[in-house]
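Visitor: Any chance you could fold what I've pasted below:
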Amino acid sequence: MLVVGIEGTAWAASAAFYETETETIRIHSDPYVPAEGGIHPREAAEHMSTALPAAIETTLQQVITEGYALSEIDAVAYSQGPGLGPCLRIVGTAARTLAQTLEVPLVGVNHMIAHLEIGRHQSGFDSPVCLNASGANAHLLGYHNGRYRILGETMDTGVGNAIDKFTRHLDWSHPGGPKVESAAKEGEYVELPYVVKGMDFSFSGIMSAAKDAVDTGTPPENVCTGLQETIFAMLTEVAERALSVTGNNELVLGGGVGQNNRLQSMLQAMCDARGASLYVPSAELLRDNAGMIAVTGAMMAAADQTTPLSDSAVDPGARPDTVRASWRRGDRSDTQFSPTAGAVRGAEATVEIGEETVEKHRITKEYRHPTLDTRLRQERLRAEARLTSAARREGVPTPVIYDIDPVATTLTLERVGECDLVHAIDTDRCRSVGQHLAQIHTAGFVHGDPTVRNVRAASEQTYLIDFGLGYYTEHEEDHAMDLHVFLQSLRGATDDAQALFTACEDGYREIGSEDVLSRRHQIDSRGRYQWSQTDLIINWVPPVWMKKRQSKAIFWASHSISSDHRLVAWCLRSGNLARRCWSKSHSGLDIHLTWRTGAHG
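Guide: Numbering: from 1, shown residues only. Reported below is the predicted structural model:
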């Protein structure tokens, strides 16, 4: 099979062809590099409008040069989303035109799934977990029952964008990642916030702290070292947690940030320590490229998962967990792990499971900077011991703690339950989880990582275990995050996550605050490309990119979704975000800009 791929989600105008028999991939890319600042969607689209046709023409000529006829092309694959709307529309138009000219099927490819599939294809791995670390994204994907599931993701901005925000603060040119990597080689570690909640994570606080550190006199190279050590340790930790939760021993790295040598070395050290395998594609295939689109498109076309013209509109907000992965029909799912006895290596500790006790040792993580590693192990040991006992005093079933060794960072606990919740899950047990979480929230603390692996099931009750990421807090946001983590784990491990989580919410409602449940809905909308239902979608309004100053207010309107446009207004007044509603007549249509509950634009 011979497939042409077209990529243009943001900065890379790229075309490629892939021949399945010889595994030949030929890629031609022309990147957009902004003169200053970050990527501007309009300027990127202008670049795409000229660079993409040239890349396609070069690719077609390469097809002929290598001895194929254009009539031998079997399909045209293109990045259908996610990405910048103005760029994607050019990609979609080019792909439809080429497919109709060649009279071959069209294949719309999810850009983030392509980052995974190119690694899975080239590695030969069976069913790996994928860490996608790119400019606008950061998430963990695992396959389960016909779809890729998001096991964890950023709750605010993509990892590359986060780094770029810091380097723009220093007036360093785009892209910022390579410059941070270079400066970090000369720096010394400085402590920055470390924010991991289950398998989700956040970068916004780290970026603010990094900017403040530079502004108060910390050498930029030292901040760059702290930034890399912190951000990449977070990504490595959640990747290890995903391997542990799924029982997987295969990890694929994807995304342009994956080119960073420090991130690669951290992931390799983690995988080596737990006996897992890591595959890192070449730099050309890590960053945005049409080769991965062509390879994934070939898989989809072979499974007859092509895209009718009527369904070919691009989607800047496309999420990988909405795609039906028919080309993987029959593959095993990543939810099979069920330790019963002996030594088990989790994400945070090695666990020796005995007949009546469990010994949990928080081992040194060689991938982390020694100062950071010592801090996290000691903090989490204390948190687990303190909060496990505190929850028990509140009436929540937890293990009894028999012994704690702060020097060896070891806990000895009662063995509880018959299996992890994931292997005995039903609505009654999920209801009890909701009740347990409400009890500890009412007492003023959170679990921090209440996944279906950190709940133990017995015939009569459920137990909460592993409070290492927990802490004392009265904030609704933190309480709601516990519920969100549990929901994410249900989505990754079950096919009826919503029904199970509804039972959890019902249990929570019996004891806890309705405000926390409402806040959980807001948190869920903050995942990448999650939108609140109050957003107004208007059929075919030309994209609006405007910056309008009125006294202290700045209005922004952007964001396009396929042939529709979702317009959102932000008002920045005296440094604080204020909700506003703004309307304007455009092309004879009344456009009402409403606030969404998400945290990023």
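
Visitor: When you work out contacts or count neighbours from here on, use the C-alpha atoms and nothing else.
Guide: Fine.

Visitor: For the host helix or strand of residue 479, enumerate the helices and strands it packs against.
Guide: Using DSSP states H and E, residue 479 sits in helix 476-493. If contacts are counted by 3 or more C-alpha pairs under 8 Å, 6 or more residues apart in numbering; DSSP states H and E, helix 476-493 sits against strand 138-144, strand 147-153, helix 427-442, strand 445-446, helix 497-511, helix 514-524.

Visitor: Quick one: closest of those to residue 271.
Guide: Of all the helices and strands packed on helix 476-493, it is strand 138-144 that lies closest to residue 271, at 15.4 Å by C-alpha to C-alpha.

Visitor: now that closest one against helix 476-493, angle please.
Guide: Note on geometry: by axes from the mean of the first three to the mean of the last three C-alpha atoms, to 10 degrees, strand 138-144 and helix 476-493 are set 40 degrees apart in direction.

Visitor: that older thread, mind giving me CSV with the helices and strands packed on helix 476-493 and columns for mean neighbour count, mean pLDDT and distance to residue 64?
Guide: Converted to CSV, the helices and strands packed on helix 476-493 look like this (neighbours: other C-alpha atoms under 10 Å; pLDDT from 0 to 100; distance: least, C-alpha to C-alpha, whole Å):
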stretch, mean neighbour count, mean pLDDT, distance to residue 64
strand 138-144, 26, 91, 37
strand 147-153, 25, 90, 36
helix 427-442, 23, 98, 59
strand 445-446, 26, 98, 62
helix 497-511, 19, 97, 49
helix 514-524, 18, 92, 49
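
Visitor: among those, which is nearest residue 485?
Guide: With C-alpha to C-alpha, the closest approach to residue 485 among the helices and strands packed on helix 476-493 belongs to strand 147-153: 8.6 Å.

Visitor: quick one: that closest one to helix 476-493, angle?
Guide: Angle between the axes of strand 147-153 and helix 476-493 is 150 degrees (criterion: the same axes, to 10 degrees).

Visitor: Please compute how far strand 147-153 lies from its chain's middle.
Guide: 8 Å (C-alpha atoms, centre = their mean, to the nearest Å).

Visitor: Give the other helices and strands that that strand contacts.
Guide: Using 3+ C-alpha pairs under 8 Å, 6+ apart, the elements in contact with strand 147-153 are strand 138-144, strand 200-201, helix 476-493.

Visitor: Of the helices and strands packed on helix 476-493, which is nearest residue 225?
Guide: Nearest to residue 225 among the helices and strands packed on helix 476-493 is strand 138-144; the distance by C-alpha to C-alpha comes to 20.0 Å.

Visitor: That closest one pairs with which strands, and in what direction?
Guide: In the sheet, strand 138-144 lines up against strand 129-133 (antiparallel), strand 147-153 (antiparallel) (DSSP bridges).

Visitor: pLDDT of the first one, averaged?
Guide: So the one you mean is strand 129-133. For strand 129-133, mean pLDDT rounds to 95.

Visitor: Show me what it is in contact with.
Guide: Residues outside strand 129-133 that contact it (C-alpha atoms under 8 Å, 6 or more residues apart in numbering) are 112, 115-116, 138-143, 158-160, 239, 242-243, 248, 250-258.

Visitor: 6 Å - rerun?
Guide: Residues from elsewhere that reach strand 129-133 (C-alpha atoms under 6 Å, 6 or more residues apart in numbering): 116, 138-142, 251-255, 257-258.

Visitor: From the residues you listed, pick the one nearest residue 428.
Guide: Of all those, residue 142 has the smallest distance to residue 428: 26.5 Å, by C-alpha to C-alpha.

Visitor: Count the residues that sit near the closest residue to that closest one other than its chain neighbours.
Guide: Nearest residue to residue 142, sequence neighbours excluded (C-alpha to C-alpha, 6 or more residues apart in numbering): residue 129, at 4.9 Å. By other C-alpha atoms under 10 Å, the residues close to residue 129 number 29.

Visitor: Quick one: low-confidence residue ranges for the protein.
Guide: Low-confidence segments of the chain, defined by pLDDT under 70, span residues 35, 37-38, 332-343, 526-601.

Visitor: The residue nearest in space to the middle of the chain bridge partners, please.
Guide: Nearest to the mean C-alpha position of the chain, by C-alpha atoms, centre = their mean, lies residue 139 at 1.7 Å. When assigned by DSSP bridges, residue 139 has beta-bridge partners residue 132, residue 153.
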